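Visitor: What follows is a predicted protein model with its sequence.
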Amino acid sequence: MDDPAWLVPVALVLALCLVLGGGAVAGYFADVVLQVVSIPLLLAGLWRLRTDDPTQRSALLFCGGLVLVPLFQLIPLPPGLWTLLPWRGVSVTSLDLAGQDLGWRPMTVSPHATWLVLVSLIPPLAVFIAVLQLSHSDRRVLVLVVLALGIVASFVGLLQVALGPSGGVVDFGPTSPGEATGFFANRNHFAALLYVLLLFSSVWAIESTSSLQVGPTDKVDPAAFVRIVVCFTVVVVFLGAELMARSRAGLGLTIVALLGIAALASSTAQTTQGQQVRASRLIGAAVGLVVLFGAQFALYRAMERFATDPLGDARLVFARRTWDAAVAFLPFGSGLGTFVPVYQAFEKPPDALLDTYANRAHNDVLEVVLETGVAGVLLMVLFAVWLIRNLWRVWGTKEKLKGSDGLLARAASFALVLLAAHSLVDYPLRTTALMAITALACALLI
């Protein structure tokens, strides 16, 4: 380790985020603990940061934009201004009926909810700024820590399924009792973590094949053979846990992740053609092994999920109503964290037949547009441009990083694409754990 005094607190905060940050509702006690613990790391990271790097400087400006949006929504406005905002007539009528003065009020519909979202940014920002200052070797160690926690979470998920709802294994949320959720309250978010870790673990799986020489006169190095077995066992564990999680989006994106792993194997500049073939064959063998042993139980459970009508889970209705609300609250949005009360105001009588409580839009792009308006659209476009530029850079032939560092950067870029795609049908980035993982992936690209 190049700087253990800095790596240890970064790893500790990231580990706590993964273990305690699996809830998707802001305001839990665990979230408060993570925010308090992350404050010293954030302050120390800002103190140590050097802004002479233009790439880091642009990333920090984007982080500043993320913080400014909720701060701007919390600025008190005089009655002459906030009453002109869209859909404020109900608030004005309620205050008049109660005989209260209009007074100064912020732009957000719910200041308390927006404050919760603002402080929820502390852990991912702390992780991002801290990882920026780690050396390449320390970043590799940090990813290994994350993989180790992912293995623990995978076995927790397997126990949750094996023992059932009353088996004594702690469930981290009431939404999926008896399901494989790991440290999360939602199996879809657990699945998101697994396909990201699958990409990260493939870096070491591919690298482990580079030291293996196979030929009629070659002697197999026992240490190299052990490394290969360990690395591909980790890949098998994550694939098996993904099947157990039974997330339709997670399984679909895992297939895409496997294609990305194949691209990673073929993009390694320091391997020979034979080593590329070995890596691809071993990855294929890992997939076949999981399907073979999971066909009788895990695969059957997964197919049960796909037997459910995807149009019957209310996502399309959620999307239509969220879009109606987003258009009504343009250009400033309703305020971060205000989806539930705003959505309820736009529900139609036929929506009651769904018998489903809308806690989220299940489409984070639409939800961000609703809550932040034009500012959120601009930030999403800027992030998309930044990600595309980095995809071109790390996958291009001019990338200077070689070996595991180059593979990690490529795996991180692919992980961000998968998380963005997942956000179109769910809300994985509303959890502190996956926000921290996303912050880690973004920092690995810089």
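Guide: Right, received. Where do you want to start? Numbering: from 1, shown residues only.

Visitor: Now do residue 164: how many residues are near it, please.
Guide: 12 (other Cβ atoms under 10 Å). Any C-beta I mention is one placed from the backbone N, CA and C, and that applies to glycine too.

Visitor: Wait, a strand at residue 425?
Guide: No. Counting by DSSP: H, G, I helix; E, B strand; the rest coil, residue 425 is not found in a strand; it is coil.

Visitor: and the gap between it and residue 187?
Guide: Distance, residue 425 to residue 187, by Cβ to Cβ, to the nearest Å: 14 Å.

Visitor: Which parts of the stretch 101-250 of the chain are helices?
Guide: Taking DSSP state H, counting those that start in this stretch to define them, one finds helices in the stretch 101-250 of the chain at 111-120, 122-132, 136-163, 187-208, 222-245, 248-267.

Visitor: So between residue 425 and residue 187, which is more surrounded?
Guide: Each of residue 425 and residue 187 has its neighbours counted (other Cβ under 10 Å); residue 187 has more, 23 against 19.

Visitor: ok, the more buried one touching residue 249?
Guide: No. The pair residue 187 / residue 249 is not scored as a contact, 10.3 Å apart, by Cβ atoms under 8 Å.

Visitor: hmm, back to that, for the helices of the stretch 101-250 of the chain, which one ends up most surrounded?
Guide: Of all those, helix 187-208 has the most neighbours on average by mean count of other Cβ atoms under 10 Å, namely a mean of 27.

Visitor: quick check: angle from that helix to helix 222-245?
Guide: Angle, helix 187-208 to helix 222-245, by axes from the mean of the first three to the mean of the last three Cα atoms, to 10 degrees: 160 degrees.

Visitor: Helix 187-208 packs against which elements?
Guide: Helix 187-208 sits against helix 136-163, helix 222-245, helix 248-267, helix 273-294, helix 403-422, helix 432-444, with contacts defined as 3 or more Cβ pairs under 8 Å, 6 or more residues apart in numbering; DSSP states H and E.

Visitor: Neighbours of the spatially closest residue to residue 51 that is not a sequence neighbour, how many?
Guide: Nearest-residue entry for residue 51: residue 57, 5.1 Å, with adjacent residues in sequence omitted and distances by Cβ to Cβ, 6 or more residues apart in numbering. Look at residue 57: counted by other Cβ under 10 Å, it has 13 neighbours.

Visitor: Kindly report the same for residue 328.
Guide: By the criterion of other Cβ under 10 Å, residue 328 has 14 neighbours.

Visitor: That one and residue 85 touch, don't they?
Guide: No. Judged on Cβ under 8 Å, residue 328 makes no contact with residue 85 at a distance of 10.9 Å.

Visitor: coming back round to it: can I get the helices of the stretch 101-250 of the chain in a markdown table with distance to residue 341 and mean pLDDT?
Guide: Converted to a markdown table, the helices of the stretch 101-250 of the chain look like this (distance: least, Cβ to Cβ, whole Å; pLDDT from 0 to 100):
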| stretch | distance to residue 341 | mean pLDDT |
| --- | --- | --- |
| helix 111-120 | 8 | 94 |
| helix 122-132 | 24 | 95 |
| helix 136-163 | 33 | 92 |
| helix 187-208 | 23 | 91 |
| helix 222-245 | 31 | 83 |
| helix 248-267 | 27 | 85 |
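
Visitor: now for these, which one comes closest to residue 14?
Guide: Among those, helix 122-132 comes nearest to residue 14, with 5.6 Å by Cβ to Cβ.

Visitor: now the angle between helix 432-444 and that closest one, please.
Guide: Using the same axes, to 10 degrees: helix 122-132 against helix 432-444 is 30 degrees.

Visitor: can you start the count at 13 instead of 1 from here on
Guide: In the new count, where the first residue is 13, that last one comes out as helix 134-144.

Visitor: which other helices and strands contact helix 134-144?
Guide: helix 16-32, helix 41-60, helix 66-85, helix 444-456.

Visitor: out of those, deepest packed?
Guide: Highest mean neighbour count among the helices and strands packed on helix 134-144 (mean count of other Cβ under 10 Å): helix 444-456, with a mean of 26.
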